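>>> what follows is a predicted protein model with its sequence.
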Amino acid sequence: MASPSLFTYLTAFSLIVFFFRTFTAVPIPSFSLNSFGKDPSFESDFALYGYAKVINGGSSVQLSGPASASAGRFVYKKPVRVVEGNPRMAVSFSSYFSFSMSPGNGGLLAFAVFPSGFPLDVLNGSSSGLSHGLKERGNRVFAVEFDTSRYAHHGDSNGYHVGFNVADLVSVTVSNVSSINLALNSGDRLNCWIDYEAGSKRVEVRLSKLGDMRPVSPFISHPIDLSEMWNEDEVFVGFSSSSGNSSQTCVVYSWSFNTRPVPHWMHSQPLDPNTLKEDMRPQTVHEKRTCLLRVLAALIFGTGCGSLGAFIALFFCTIFGNRRPVAAEEFVIRPVEFEYKKVNVIVVDKSIKDGEK
């Protein structure tokens, strides 16, 4: 019976490793909500705090308003990690939601990522329910805010803007939605896509009216490495909202969220558009001689790689494929001795024989 080959052993080992990693892998957080109260897993997987409540038969969640100084929070209760696995891999995430803010100004809605231990049930009626001075208190909250008010003491340059807040209420990057012909307080439903790319260490936000396609270019972006902010700690994603001194209401109609690990070889530094502008120069045409030298170098390199591959293939074929079978002892061919005798041959001339007649 022939013994299993080396290839068979390697294939079996690879299958065992694959199934082991599959069954021991950490489940990837992912969900999609188009109705809230009607989903059987809604109460077990999601939490509402403050003024947040399900309205219109489960079709939407109202986070704040219409009362003044009202605040609410809507959170996914299962933890998420931005670094996981062994070896450690950074995790990207994407979130889509549709929302509306009623006419008026003074209200604020934020998509936020809360660290483990953050007091989710503690809210105030201003600043989207987040307390000022988060960085000093060690609460590492990251938020994308949709603001219809202007708080000069919080660093807001204008109203009706989208901004990034990193462990503080002062936005590090701000952009006005009027630049893309949108209004946050029109009462119309808007689509929002928030994508964090762990490979490029960048957060991008896209906005559009309900029914429009996802924009190709982001409306606003910000470079940040969330793996340095939270390491392997668990975090929670959700929405936080407040009406401020107004009666403005904020409503979420749908929400989806998913994560995906990013291999180390896909990591890169954030792309800075300003650097590209500085480095833009007229393109020069390479000389024909330089192109020929590159082609020749590529041919030499390819020939060398092919020769090396052929040598390795012949080497393994010589080792594994050129083995001769060994015969049993009783079938071994032994030498046989032969006896030779001298024979005398007499040749008679025909002419002599005819003369005798």
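Alright, I've got the coordinates. Numbers count the residues shown, from 1 in each chain.
>>> low-scoring stretches of the stretch 101-250 of the chain, by residue?
124-138, 150-159 (pLDDT under 70).
>>> 80 instead?
123-139, 149-159, 169 (pLDDT under 80).
>>> where exactly do the helices run in it?
Ranges of helices in the stretch 101-250 of the chain, per DSSP state H, counting those that start in this stretch, are 134-137, 226-230.
>>> which parts of the stretch 101-250 of the chain are strands?
Using DSSP state E, counting those that start in this stretch, the strands of the stretch 101-250 of the chain run over residues 108-115, 142-147, 161-166, 171-176, 190-197, 202-209, 220-223, 234-242, 250-262.
>>> make a markdown table out of these and add distance to residue 301 and mean neighbour count.
C-betas here are computed from N, CA, C, even on glycine. Conversion of the strands of the stretch 101-250 of the chain to a markdown table gives the following (distance: least, C-beta to C-beta, whole Å; neighbours: other C-beta atoms under 10 Å):
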| stretch | distance to residue 301 | mean neighbour count |
| --- | --- | --- |
| strand 108-115 | 47 | 24 |
| strand 142-147 | 47 | 25 |
| strand 161-166 | 46 | 22 |
| strand 171-176 | 45 | 18 |
| strand 190-197 | 34 | 20 |
| strand 202-209 | 35 | 19 |
| strand 220-223 | 37 | 19 |
| strand 234-242 | 47 | 24 |
| strand 250-262 | 31 | 20 |
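>>> let's have those in JSON lines, adding distance to residue 30.
Below are those laid out as JSON lines (distance: least, C-beta to C-beta, whole Å):
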{"stretch": "strand 108-115", "distance to residue 30": "16"}
{"stretch": "strand 142-147", "distance to residue 30": "20"}
{"stretch": "strand 161-166", "distance to residue 30": "24"}
{"stretch": "strand 171-176", "distance to residue 30": "28"}
{"stretch": "strand 190-197", "distance to residue 30": "15"}
{"stretch": "strand 202-209", "distance to residue 30": "19"}
{"stretch": "strand 220-223", "distance to residue 30": "23"}
{"stretch": "strand 234-242", "distance to residue 30": "12"}
{"stretch": "strand 250-262", "distance to residue 30": "4"}
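>>> which of those strands sits closest to residue 123?
Each of those has some distance to residue 123 by C-beta to C-beta; the shortest is strand 234-242, at 7.5 Å.
>>> okay, angle between the closest one and strand 250-262 too, please.
Comparing the axes of strand 234-242 and strand 250-262 via axes from the mean of the first three to the mean of the last three C-alpha atoms, to 10 degrees yields an angle of 160 degrees.
>>> going forward can the numbers begin at 33, since that is how I track them
Happy to do that; since the first residue is 33 now, the last one works out to strand 266-274.
>>> make sure residue 205 is actually in contact with residue 252.
Yes - counting by C-beta atoms under 8 Å, residue 252 is a contact partner of residue 205 at 6.4 Å.
>>> which neighbours do these two share?
Residues touching both residue 205 and residue 252 (C-beta atoms under 8 Å, 6 or more residues apart in numbering) are 195, 196.
>>> quick one: the helix or strand hosting residue 106 to strand 282-294, angle?
Using DSSP states H and E, residue 106 maps to strand 103-108. Counting by the same axes, to 10 degrees, strand 103-108 lies at 30 degrees to strand 282-294.
>>> what residues are bridge-paired with residue 254?
Beta-bridge pairing for residue 254 (DSSP bridges): residue 235.
>>> now do the contacts for it.
196, 204, 205, 234, 235.
>>> these two touch, right, the fourth one and residue 258?
No - counting by C-beta under 8 Å, residue 234 sits too far from residue 258 to count as a contact (10.2 Å).
>>> quick one: the contacts of residue 254 as TSV, columns for distance to residue 113 too.
Shown next, in TSV, are those (distance: C-beta to C-beta, whole Å):
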residue	distance to residue 113
196	21
204	23
205	25
234	19
235	17
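>>> thanks a lot, see you next time.
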